[in-house]
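Novice: please find the sequence and the predicted model below.
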Protein chains: 2
Amino acid sequence: MITEHALLPVKPGMEDDFMMAFGEARKLMAQTPGFIDLSLSRSIETPNEFLLLVRWESVEAHTAGFRGSANYAKWSAALHHFYEPFPVVEHFAAVDPSGSGPGPVPAPR
Amino acid sequence: MITEHALLPVKPGMEDDFMMAFGEARKLMAQTPGFIDLSLSRSIETPNEFLLLVRWESVEAHTAGFRGSANYAKWSAALHHFYEPFPVVEHFAAVDPSGSGPGPVPAPR
């Protein structure tokens, strides 16, 4: 399992419209094979900045599966015009929380 | 409940030492009143970048409670020398996932 991470800078004044659009668009992502769950949250210090975290079974479920799907075109059309600049998307793998040693980062499946 | 968010840029070559140190230091944070849980994960695209997410009962539990505690001095001594540049820390509040409307962002308690 990996986590997709993006800080979404929404054009000031468009935050409410973005949240409404996201509430619909999230269903497109949730239909993708390998999707686990997502959360959207809003910065308290910078109210036009949102944090998107999506858990996927693998990096490829996101990068090939979702981005290669017909739903991604709908997602882009629904959401991408809210962003300025366009967000950086990265993927993260959990670090062993035991602290027993560094251990390898799980490879993307 | 809010989420503390920080992207931690660890000096290249110090990643293993950082993960070891973090495994100990996390206990300092976990002793703080209002702490709920934390996760540390590692970027797949940028392996010296780590994502720290900490759930707190309120922003103040982190900013006043933890940062004002004796444990914070120990935390800083254990971890801050790994970072270059020093990370930006922000706090996020969940957005209503129903998509039923924009709704207010919960105020920090």
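Specialist: It's in.

Novice: the strand or helix carrying A:Glu4 vs chain B: in contact?
Specialist: Assigned by DSSP states H and E, A:Glu4 belongs to strand A:2-9. Yes - Strand A:2-9 is in contact with chain B by Cβ under 8 Å from any Cβ of the partner chain, via A:2-3, A:5. (Glycine included, C-beta is placed from N, CA and C.)

Novice: can you put the residues you listed in JSON lines and add pLDDT and neighbour count?
Specialist: JSON lines is the format used below for these (pLDDT from 0 to 100; neighbours: other Cβ atoms under 10 Å in any protein chain shown):
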{"residue": "A:Ile2", "pLDDT": "98", "neighbour count": "25"}
{"residue": "A:Thr3", "pLDDT": "98", "neighbour count": "22"}
{"residue": "A:His5", "pLDDT": "98", "neighbour count": "22"}
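
Novice: just the helices in chain A please.
Specialist: For chain A, applying DSSP state H gives helices covering A:15-30, A:59-60, A:70-79.

Novice: from the chain's centre, how far out does the shortest one sit?
Specialist: So the one you mean is helix A:59-60. Offset of helix A:59-60 from its chain centre (Cα atoms, centre = their mean, to the nearest Å): 12 Å.

Novice: check the first one too.
Specialist: What separates the centre of helix A:15-30 from the centre of its chain is 12 Å, taken as Cα atoms, centre = their mean.

Novice: report the mean per-residue pLDDT for that helix.
Specialist: Mean pLDDT, helix A:15-30: 97.

Novice: is it anywhere near chain B?
Specialist: Yes - interface with chain B: helix A:15-30 contributes A:15-16, A:19-20, A:22-24, A:26 (Cβ under 8 Å from any Cβ).

Novice: is there a quick ChimeraX command that grabs whichever of these are buried?
Specialist: Selection of buried members from the residues of helix A:15-30 next to chain B for ChimeraX, criterion 16 or more other Cβ atoms under 10 Å in any protein chain shown:
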select /A:15,19,22,23,26
